[in-house]
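Student: predicted structure and sequence below. I'll ask about it afterward.
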Amino acid sequence: MLWKSFISARSCDLKATPCEPLKTHFPHPRTRDKVFVMMDACHMLKLTRNILEVSLAAQALSNSVAVALRTLQDLKEYAVFQDCEATAEFIEITDRLFDILNSRNPRARGLLSVLGFVINIDTLMAMIPVLLEGQRYVLTYRFSQDHLELLFNSIRASGFVVRRTLKKLSCDVCRASLLMDAESASKDQSYHLLTLKNNGGLVIPSAGTVKVVRAAEWVFRQAVADSRRSQPIKLLEVLYMVRKRIGGEDVFLLGEHITDTRYGIDSHHHTLLTLVVSLFFKLRLHHIAKMSTLSLQKDSVRQKLTKTVLLKGQ
């Protein structure tokens, strides 16, 4: 497997004896600090589920499935469930492991291919004592690849927003502030994957554009997570919060041009920020509407199987 070759090439030892922990870290090539290997818990759960080859009704590896199996075993009316204790225990352990490896709340109490789970356990045992020397708690969800995906999605969305914004701008200085040239991007690790995928046709958003889009995305996610909200978020609210997060920073690097005004009213900085956030707002609303439609078409299966699972190839 590709990931096993990658890990082995970096001096990790995944072939330790059962009585010893695996070596799940390798030295950083420059600082020599320990870089720990951490598998994405959600993907490990999906791989473990695929190994079981069970029906759709039992693909959610949750505690409720283990309880159901033991209940059927205790009834003694179904011979096929009389030897299911090992499966129930395996599902129960996997459920607890997932809760531990995917914690999002410091007050949460929770007691992957299988090798992935083992790697994560040994990584946490070695890494958490080090982290707790400088912080009060560790949220293991922060180790998932969701955050990388959010970053890359922000860069991708920024490119789309830039294309639309350029069509609405006549100021050459403002247009240039939205973009980063290919040479500069090639030297910035944040754009490494974009540089690899770029055959000359991709728009490379400036760091300031990405920062504004990420701020707007943060506002969206905060609004979605707020159970007290009774009304959908409005554009003016997003603009206000983004300006609050950006503050007085010259995020688009306009320099002296930042004080220039349009029609003697709004500064170019204000106009540019408003335009970028407005276009991203429309893009985000379209995405939310699309995902809501898809969830309705699937009869809300994901809500029924909460621990879940890839459905229909997703």
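Tutor: Thanks, I have it. Just so it is clear, the structure is predicted and the values come from calculations on it, not from any experiment.
Student: how about the contacts made by Arg175?
Tutor: 166, 169 (C-beta atoms under 8 Å, 6 or more residues apart in numbering). Yep, even glycine has a C-beta here, placed from its N, CA and C like the rest.
Student: roughly how far does it sit from His28?
Tutor: According to C-beta to C-beta, to the nearest Å, Arg175 and His28 sit 39 Å apart.
Student: phi first, then psi, for the nearest residue to Arg70 once chain neighbours are set aside.
Tutor: Nearest non-adjacent residue to Arg70, counting by C-beta to C-beta, 6 or more residues apart in numbering: Ala88, 5.2 Å away. Phi and psi for Ala88, reported as degrees, to the nearest 10, are phi -60, psi -40.
Student: make sure Ala88 is actually in contact with Ala66.
Tutor: Yes. At 4.3 Å, Ala88 counts as touching Ala66 under the criterion of C-beta atoms under 8 Å.
Student: show me the strands in this structure, by range?
Tutor: 25-27, 34-36, 261-262, 266-267 (DSSP state E).
Student: so where's the stretch 101-250 of the chain uncertain?
Tutor: 101-117 (pLDDT under 70).
Student: do that again at 80, thanks
Tutor: 101-121, 139-156, 182-183, 185-201, 224-229 (pLDDT under 80).
Student: packing partners for the longest helix along the chain?
Tutor: Secondary structure assigned by DSSP state H gives helix 268-297 as the longest helix of the chain. Other elements packing on helix 268-297 under the criterion 3 or more C-beta pairs under 8 Å, 6 or more residues apart in numbering; DSSP states H and E are helix 146-166, helix 172-177, helix 207-225, helix 235-246, strand 261-262.
Student: most packed of those?
Tutor: Stretch with highest mean neighbour count among the helices and strands packed on helix 268-297: helix 207-225 (a mean of 19; mean count of other C-beta atoms under 10 Å).
Student: quick one, domains of this structure?
Tutor: Here the domain parsing of the chain from automatic domain parsing is 41-143, 146-302.
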